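Q: Provide a 3D model corresponding to the input given below.
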Amino acid sequence: MEHRALWALKFLSFDPCDTAEKKRRQIIELEEMQLHAYDSSKNYKEKVKFYHDRKLVKEVFNPGQRVLLFNSRLKLFPGKLKSKWFGLFMVKNVLPHGVVELTDPASKDPQRSWVVSGQRLKHYLGGEVERLSTVMELVDPN
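A: Now for the predicted structure:
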């Protein structure tokens, strides 16, 4: 019986030192694969970030410029032809980190101002804007 067990160990070449060495090599190989995958992922993210950053255009606002403000409020049924940009505002002050202080030149209180993110603004390149208002008189049919 003992002879068969020795024969099986020889047949399977079961040597505890060899199996421990083989297991250690496999662990090292897995760690190298993990490190390679990490480096590849890092390189890919850097390339994608560089590509996207290259496409971004940094807008610079100066006091006295006229700008339009993006209306980011959620509307359930917006009109198809309704613009998401509204107003004609003046830049009062430019603060750090892309924050811009705006004033409305058409308001009754010229000192009233508010602060918005510079990402919500774009330069106004047109001429003077006419603010139109329509009055509809309703007549009782009786």
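Q: From Phe70, how far off is Leu121?
A: Distance of Leu121 to Phe70, given as C-beta to C-beta, to the nearest Å: 7 Å. C-beta here means a position set from N, CA and C on the backbone, and glycine is covered the same way.
Q: Counting neighbours, go ahead and name the busier of those two.
A: The neighbour comparison of Leu121 against Phe70 (other C-beta atoms under 10 Å) goes to Leu121, with 21 against 16.
Q: Give the bridge partners for that one, please.
A: With DSSP bridges as the criterion, Leu121 is bridged to Leu69.
Q: Run through who's touching the longest strand along the chain.
A: In the chain, assigned by DSSP state E, the strand with the most residues is strand 85-95. Contact with strand 85-95 is made by 61-71, 100-106, 113, 115, 118, 122, 124, 129, as judged by C-beta atoms under 8 Å, 6 or more residues apart in numbering.
Q: among the residues you listed, which ones are buried?
A: 61, 66-70, 100-104, 113, 118, 124 (16 or more other C-beta atoms under 10 Å).
Q: And those, which is closest to Arg25?
A: For the buried ones among the contacts of strand 85-95, the residue nearest Arg25 by C-beta to C-beta is Gly118; the value is 56.0 Å.
Q: could you list every residue that touches that closest one?
A: Gly118 makes contact with 59, 61, 94, 98-100 under the criterion C-beta under 8 Å, 6+ apart.
Q: Look up how far His97 lies from it.
A: Separation of Gly118 from His97 (C-beta to C-beta): 9 Å.
Q: do the same with Tyr124
A: 23 Å.
Q: one step back: what is the most widely separated pair among the contacts of Gly118?
A: Spanning the widest gap among these are Glu59 and Val99, at 13.1 Å by C-beta to C-beta.
Q: residues in contact with stretch 51-59?
A: For stretch 51-59, the external contacting residues (C-beta under 8 Å, 6+ apart) are 118, 121-123.
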